[in-house]
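Peer 1: Generate a structure from the sequence data that follows.
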Amino acid sequence: MKTGIVFHKKYLEHEQTPTHPERRERLAYTIDQLTEEGIFEDERIVLINPEPAKEEDVLRVHTREYIEFLKAASKTGGFIDFDTNVPVGLFEVAMLAAGGAIKAAKYVVEGKVRNAFAMVRPPGHHAKPYTGAGFCYINNVAVMVEWLKRRGFKRILILDWDAHHGDGTQEIFYEDDSVLFISTHQMPLYPGTGYPHEVGKGRGEGYTINIPLPPGTSDESYLYVFEKVIEPVAEEFKPEFIAISAGQDNHFTDPLTGLALTARGYAEMMKRAVDLAEKLCKGRLVAVLEGGYSVESALPYTNLGIIAALAGMDISNIREPAKILSELRWRKRDYASQKVRDTVAEVRSIHSKYWSCFR
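Peer 2: Predicted coordinates:
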């Protein structure tokens with residue numbers, strides 16, 4: 001079975017300013033790298049052409065007032081917050097990004113591909129029902145998950161490994177027991193949410209799991225979190241579909257964060273997620289691009305690693321250029337490993353009330 005890649009050249013058109021962290025080069029350099037590696041010609045890869053999301057799909061996540069604001073602001077230019085302006089033409093691209101996530105899920109559900117990676121822009125996981133924020137306008141993953149729920153999926157796992165906490169996605173599903181939201185993220189860091197005691201509310205209590213990580217957290221600690229939290233609770237939840245908010249700002253060269261993940265680490269994480277999907281939900285998995293702002297040193301290699309892991313390719317040689325590896329030595333922190341273990345113990349203790357695997 002093949003792996004789908006969603007991409008459209010229109011994703012390169014969105015830009016707040018040429019120097020904004022979330023600029024077109026985030027994907028442009030990746031496309032160059034994937035082309036150089038022959039990914040688009042590989043028989044294991046299917047290129048998927050996205051279509052704009054339908055307004056009815058987006059309105060299941062966002063309020064009509066907010067969507068009408070985006071429409072109007074996209075005609076003249078607008079402002080949401082200091083980091084999130086609305087450039088002219090934004091709404092069309094944002095709807096195509098949300099539609100790209102849906103199209104990826106559709107291809108997986110219909111069995112046209114085993115799994116898929118939606119390489120979309122702009123990102124979405126900070127977008128709440130009533131507003132955008134943090135470079136995000138429409139919550140692409142949430143729109144996709146709601147689309148899946150309407151097609152009969154009753155248990156969906158969202159794994160958000162962006163360095164910034166997915167506060168928008170958390171808020172949308174905070175009272176929903178059909179969605180298990182797990183977030184690993186740097187703390188302290190924007191947006192300042194995602195503490196272990198944030199566990200959900202009402203029917204959704206216990207279905208939000210936050211694992212804040214200290215600056216300097218590296219590959220080994222991420223895999224430890226997978227082993228001790230993500231894998232056991234996923235096996236107990238038994239998802240029918242896995243959605244990944246694939247933020248790539250955990251990389252050791254990212255200018256906005258302080259984590260120390262490598263391209264190989266990203267590939268290993270995705271391989272574990274793929275293995276979980278194969279074991280629990282017939283391989284059904286879609287990753288959706290979120291953050292990641294090291295446009296030359298990280299994104300071409302992290303995206304390559306993610307695609308290679310999704311497609312079952314050899315990931316043993318995934319790595320960054322040797323000339324930048326010196327940055328990893330000063331980004332990693334010796335204390336981070338123990339701090340991660342302490343946090344994992346706290347998370348397991350808090351959630352032992354809800355999940356037998358932590359007792």
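Peer 1: Got the phi and psi for Ile45?
Peer 2: The phi/psi pair for Ile45 (degrees, to the nearest 10) reads phi -110, psi 140.
Peer 1: so what's it up against?
Peer 2: Ile45 is in contact with Lys2, Thr3, Gly4, Ile5, Ile39, Ile307, Ala311, counting by C-beta atoms under 8 Å, 6 or more residues apart in numbering. For glycine as for every other residue, the C-beta is placed from the backbone atoms N, C-alpha and C.
Peer 1: Roughly how far does the second one sit from Phe173?
Peer 2: Distance of Thr3 to Phe173, given as C-beta to C-beta, to the nearest Å: 26 Å.
Peer 1: cool, and Phe82?
Peer 2: Distance from Phe82 to Phe173, by C-beta to C-beta: 27 Å.
Peer 1: Please apply the same query to Glu205.
Peer 2: With distances taken as C-beta to C-beta, Glu205 is found 12 Å from Phe173.
Peer 1: Same drill for the two, tell me which one is more crowded.
Peer 2: Set side by side, Glu205 and Phe173 show more neighbours around Phe173, with 25 against 14, by other C-beta atoms under 10 Å.
Peer 1: so how far is the helix or strand hosting Asn85 off the chain centroid?
Peer 2: Assigning secondary structure by DSSP states H and E places Asn85 in strand 84-86. The chain centre lies 21 Å from the centre of strand 84-86; the measure is C-alpha atoms, centre = their mean, to the nearest Å.
Peer 1: Quick check: what element follows it along the chain?
Peer 2: Downstream of strand 84-86 (by DSSP H and E), the next one is helix 90-109.
Peer 1: which helices and strands does the helix or strand following that following helix pack with?
Peer 2: Following helix 90-109 in sequence order, the next helix or strand is strand 115-118 (DSSP H and E). Judged by 3 or more C-beta pairs under 8 Å, 6 or more residues apart in numbering; DSSP states H and E, strand 115-118 is in contact with strand 3-6, helix 90-109, strand 285-289, helix 299-310.
Peer 1: Turn the ones you listed into JSON lines, columns for mean pLDDT, mean neighbour count and distance to Gly258.
Peer 2: As requested, the helices and strands packed on strand 115-118 are exported to JSON lines (pLDDT from 0 to 100; neighbours: other C-beta atoms under 10 Å; distance: least, C-beta to C-beta, whole Å):
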{"stretch": "strand 3-6", "mean pLDDT": "98", "mean neighbour count": "25", "distance to Gly258": "30"}
{"stretch": "helix 90-109", "mean pLDDT": "98", "mean neighbour count": "25", "distance to Gly258": "27"}
{"stretch": "strand 285-289", "mean pLDDT": "98", "mean neighbour count": "30", "distance to Gly258": "21"}
{"stretch": "helix 299-310", "mean pLDDT": "98", "mean neighbour count": "26", "distance to Gly258": "17"}
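Peer 1: Let me see the ranges of the helices in the stretch 101-250 of the chain.
Peer 2: 140-149, 167-173, 219-225, 231-237 (DSSP state H, counting those that start in this stretch).
Peer 1: Ignoring the adjacent residues along the chain, who's closest to Ile31?
Peer 2: Nearest residue to Ile31, sequence neighbours excluded (C-beta to C-beta, 6 or more residues apart in numbering): Phe7, at 7.2 Å.
Peer 1: wait, doesn't that neighbour sit right on Ala28?
Peer 2: No: contact criterion C-beta atoms under 8 Å: Phe7 and Ala28 do not qualify, at 11.2 Å.
Peer 1: Those two: who's more crowded?
Peer 2: Neighbour totals were compared for Phe7 and Ala28, and Phe7 leads with 23 against 16 (other C-beta under 10 Å).
Peer 1: What separation do you get for that one and Ile307?
Peer 2: 11 Å.
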